[in-house]
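**Q** my questions concern the predicted model and sequence given below.
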Amino acid sequence: MLKRIAKVAVTAVAVALVLVGMGGCSRANQYDSLANDATGYVYKQYVEGQAVDADTAYILSLAGDGITVDQWVYKDKTLKETVIASIDKTLQNPALASAKALAQQALIAKQWGRTDLVDRLVAALKEREKPKGGFDDNIYSDIPAYLALARAGYLNTFNLDHARQYLISHQSQERNALGSWGAVQNGTFYPDFASTCQAIQALAYLPGAKRDQEIRTAIDRGLSYLRQHQQADGSVYVTQPWADDPVVDTSEIIITLKLLGQDPASWKNDQGLTPIDYMVNKAKNPDGSFGSVKNITGAAKALHAYVFLGAKPQFKVPAAGR
């Protein structure tokens, strides 16, 4: 009798392990499928004449050989050639470009092995670096610039103490927006969701960030602010005073948490739903687009999140598009 009970117990455990494994495979397959769909939407928009910026090109490059932008052709130019041409145009007069644009172009140039372009773009940014950190006196340019430089491995080319102080000093201490990053307009502070995510990420890249109590406090406060905006469907985004794109914001949350070594699945709301649930079940629209704005940015940000979750897209250019 005892042997029979033991045998049944072992069988039950084995079945449970198989089911868990199947669940993991199922979720991984969903990530791959959605990543392919997001890539397909970006491709469709590109070959129909929509601009693809350096940041989107960088996201596409994260898929490695799974996405071959050398085969994406519009008006006899591949996507790669188009982006490189844009970088060349920027370098004709870099003073006209934002720090964000310069840094994001440096990042994709680094991804594509064009260190000649990287060196010139970084030099242009170095000339613009402010004595107390930042480049353009504008967080919407400076924060993503620091993040792109960090991703490219060039942050240490700049004054790290100034970068640290710039990022920390621009975090809001106001009660209603504590922990956020944003800007003052007409005397009113407006927190910005994406800037908060990107500032947290940039801080996390700084050397010694895990041991720096001030950085850790800033990151924790930032995460607390962001979590206040989790919605009933698991998404995390700002709805007031103007609604953000839920896919863009939720994707930024997933990327931020993964970079910090935290599991996005741990962000469960009262309904038991997480940012991952939203990205799997509700991010894609019936027409193939992603997010409420239904543009390239929404699809690209979604792809970025899926890649951070482990997606390995294998997008093949349709025969008619080659």
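**A** Perfect, I can see it now. Remember, predicted model here, so these are calculated numbers, not experimental data. Residues are numbered from 1 along each chain as shown.
**Q** low-confidence ranges in the protein?
**A** Screening the chain residue by residue with the criterion pLDDT under 70, one finds the ranges 1-25, 320-322.
**Q** ok, which stretches of it are helices?
**A** Along the chain, the segments classed as helices by DSSP state H run 2-47, 54-61, 79-92, 99-111, 115-128, 139-152, 160-169, 193-205, 213-227, 246-259, 275-281, 296-308.
**Q** who's residue 190 bridged to?
**A** Legend: beta-bridge partners of residue 190 under DSSP bridges are residue 183.
**Q** surely it and residue 176 touch.
**A** No. The pair residue 190 / residue 176 is not scored as a contact, 10.9 Å apart, by CB atoms under 8 Å. Where you see a C-beta, it was placed from the backbone N, CA and C, and this is true even at glycine.
**Q** neighbour-wise, which of these two wins?
**A** residue 190 (14 against 9; other CB atoms under 10 Å).
**Q** so how far is residue 181 from the more buried one?
**A** According to CB to CB, to the nearest Å, residue 190 and residue 181 sit 10 Å apart.
**Q** quick one: residues contacting residue 184.
**A** Contact criterion CB atoms under 8 Å, 6 or more residues apart in numbering gives residue 190 as the residues in contact with residue 184.
**Q** and for residue 286?
**A** The contact partners of residue 286, by CB under 8 Å, 6+ apart, come to none.
**Q** ditto for the one 4 residues further on
**A** Taking CB under 8 Å, 6+ apart as the contact definition, residue 290 lies against 38, 41, 247, 283-284, 298-299, 301-302.
**Q** can you rerun that using 6 Å?
**A** Applying CB atoms under 6 Å, 6 or more residues apart in numbering to residue 290 gives the contacts 38, 247, 283-284, 298-299, 302.
**Q** was I right about residue 142 contacting residue 130?
**A** No. With contact defined as CB atoms under 6 Å, residue 142 does not reach residue 130; the gap is 8.7 Å.
**Q** with neighbour numbers in mind, choose between the two.
**A** Per other CB under 10 Å, whichever of residue 142 and residue 130 has more neighbours is residue 142, with 26 against 14.
**Q** tell me the contacts of that one?
**A** For residue 142, the contacting residues are 99, 134-136, taking CB under 6 Å, 6+ apart as the criterion.
**Q** farthest pair in the residues you listed?
**A** 99 and 134 (7.9 Å; CB to CB).
**Q** circling back to that earlier point, show me which of the contacts of residue 142 is closest to residue 120.
**A** Nearest member of these to residue 120, counting by CB to CB, is residue 99, at 14.6 Å.
**Q** contacts only, for the closest one.
**A** Taking CB under 6 Å, 6+ apart as the criterion, residue 99 is in contact with 135-136, 141-142, 145.
**Q** neighbour-wise, which of these leads?
**A** residue 145 (30 neighbours).
**Q** can you list the helices of the chain in JSON lines and add distance to residue 67?
**A** Rendered in JSON lines, the data for the helices of the chain read as follows (distance: least, CB to CB, whole Å):
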{"stretch": "helix 2-47", "distance to residue 67": "6"}
{"stretch": "helix 54-61", "distance to residue 67": "5"}
{"stretch": "helix 79-92", "distance to residue 67": "10"}
{"stretch": "helix 99-111", "distance to residue 67": "12"}
{"stretch": "helix 115-128", "distance to residue 67": "21"}
{"stretch": "helix 139-152", "distance to residue 67": "18"}
{"stretch": "helix 160-169", "distance to residue 67": "31"}
{"stretch": "helix 193-205", "distance to residue 67": "23"}
{"stretch": "helix 213-227", "distance to residue 67": "29"}
{"stretch": "helix 246-259", "distance to residue 67": "17"}
{"stretch": "helix 275-281", "distance to residue 67": "19"}
{"stretch": "helix 296-308", "distance to residue 67": "9"}
